[in-house]
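**Student:** how would this look folded up:
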Amino acid sequence: MERNHSPLPDWDRLAALDDASIPLLGTALLIARDEYPELDPGLYDVLLQQHVAHLQPKIEAIALSPLKMLAINEYLFDELGYTGNHDEYYDPRNSYLNQVFERRLGIPISLALVQMEVARRLGMPLDGVSFPGHFLVRLPVDDGLLVMDPFNRGRPLDVDELRERARPHVGGSSLDDQVLQQILHPASHRAILGRMLRNLHGVYAECGDWPRAVRCADRVLKLLPDDPEALRDRGLGYLKLEHRHGARRDLGRYLLLAPDAPDARTVRDSLIEASGDPTRLN
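**Tutor:** Numbers count the residues shown, from 1 in each chain. Down below sits the predicted model:
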């Protein structure tokens, strides 16, 4: 296949873009290029377009949206073999889109992104859902929403299962229709990409890879400047790396933006540690 060095977005310009102007595929590959600097984004765009070209005649011959989506899912998950990595869920390769395309293994959000890109190129308005726990996708249909689980081969989820999945994340209480509809609201491109980066941050922080953890938090801030959670995460990572000036700046900013956060006292203790002198904060 001829190499096609398609341009990727510029990290320093993403914050100024409105959400619809942020390229989902391009920015996901930009995230991957941090880890794979020789990555050629054009290869994956061509691969994606091959998926679309294969499906196009079949999709055009189907009238109903749910059946179109079924055909897309059968091709991606059954024929091509994209699947959730149940055995090594926290392998960082599951979050780097080039690796997802090559290995056909991923986690819910990375598989959702492949599914969304293929469906959208086929004229299907498939959106992501920042559902608590596992990321989902949704498609408007005549009688409501078709909600699917990309981690489990695009399996449709009914209302009862959605409520049951959300229950542990909302204090164990049952969800009424209004709350469930709010949870199923389409995720913005910024939210999707930020969640991908936070997943990676969690993987790297868990194994003590602080340079990569800091990098992921920094990338979130390129998308969402002054995001409190990312400021805290980068600041704590800086502290692990003994970059005390950066730690003081980020942790101090976090406490200004989220003074009543549940972890404010713990973060304040870390800020004192970064300052090297407890009296400086009194």
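**Student:** what's around Gln178, how many residues?
**Tutor:** Gln178 has 8 neighbours, counted by other C-beta atoms under 10 Å. The way it works is simple: take the backbone N, C-alpha and C, and place the C-beta from them, glycine included.
**Student:** can you map out the helices along the stretch 1-150 of the chain?
**Tutor:** All helices of the stretch 1-150 of the chain, identified by DSSP state H, counting those that start in this stretch, fall at 11-14, 24-35, 41-60, 65-73, 97-103, 108-121.
**Student:** what distance separates the start and the end of stretch 161-178?
**Tutor:** Distance across stretch 161-178, first residue to last, is 16 Å (C-alpha to C-alpha, to the nearest Å).
**Student:** what do you get for stretch 179-197?
**Tutor:** Terminal residues of stretch 179-197 are spaced 26 Å apart (C-alpha to C-alpha).
**Student:** Out of the helices of the stretch 1-150 of the chain, the one nearest His189 is which?
**Tutor:** Closest approach to His189 among the helices of the stretch 1-150 of the chain (C-beta to C-beta): helix 24-35, 5.1 Å.
**Student:** how much does the closest one deviate in direction from helix 108-121?
**Tutor:** Interaxial angle, helix 24-35 versus helix 108-121 (axes from the mean of the first three to the mean of the last three C-alpha atoms, to 10 degrees): 140 degrees.
**Student:** just checking, what packs against helix 24-35?
**Tutor:** Under the contact definition 3 or more C-beta pairs under 8 Å, 6 or more residues apart in numbering; DSSP states H and E, helix 24-35 sits against helix 41-60, helix 97-103, helix 108-121, helix 189-206, helix 210-223.
**Student:** Next, the angle helix 189-206 makes with it.
**Tutor:** Using the same axes, to 10 degrees: helix 24-35 against helix 189-206 is 20 degrees.
**Student:** Kindly format the C-alpha coordinates of helix 24-35 as PDB.
**Tutor:** In PDB, the C-alpha atoms belonging to helix 24-35 read as follows (Å, rounded to 0.1, in the frame of the first residue of the first chain):
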ATOM      1  CA  LEU A  24     -12.200  12.600  15.700                       C
ATOM      2  CA  LEU A  25     -10.100  10.100  13.700                       C
ATOM      3  CA  GLY A  26      -7.300  12.500  13.200                       C
ATOM      4  CA  THR A  27      -7.000  13.500  16.800                       C
ATOM      5  CA  ALA A  28      -7.200   9.900  18.000                       C
ATOM      6  CA  LEU A  29      -4.300   9.100  15.600                       C
ATOM      7  CA  LEU A  30      -2.500  12.200  17.000                       C
ATOM      8  CA  ILE A  31      -2.800  10.700  20.400                       C
ATOM      9  CA  ALA A  32      -1.300   7.500  19.100                       C
ATOM     10  CA  ARG A  33       1.600   9.300  17.400                       C
ATOM     11  CA  ASP A  34       2.900  10.300  20.800                       C
ATOM     12  CA  GLU A  35       3.700   6.600  21.400                       C
END
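**Student:** re earlier: compile the helices and strands packed on helix 24-35 into a markdown table and extend it with columns for mean pLDDT.
**Tutor:** Compiled in a markdown table, the helices and strands packed on helix 24-35 are given as follows (pLDDT from 0 to 100):
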| stretch | mean pLDDT |
| --- | --- |
| helix 41-60 | 96 |
| helix 97-103 | 97 |
| helix 108-121 | 97 |
| helix 189-206 | 97 |
| helix 210-223 | 98 |
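**Student:** so of those helices, which one's packed in deepest?
**Tutor:** Of the helices and strands packed on helix 24-35, the one with the most neighbours on average (mean count of other C-beta atoms under 10 Å) is helix 108-121, at a mean of 23.
**Student:** quick one, that helix and helix 65-73 angle?
**Tutor:** When the same axes, to 10 degrees is applied, the directions of helix 108-121 and helix 65-73 differ by 120 degrees.
**Student:** Now do helix 108-121: everything it contacts.
**Tutor:** Under the criterion C-beta atoms under 8 Å, 6 or more residues apart in numbering, residues 24-25, 28, 48-49, 51-52, 55, 69, 72-73, 76, 82-84, 94-97, 100-101, 106, 126-128, 134-137, 139, 148-151, 154, 192, 195-196, 199 lie in contact with helix 108-121.
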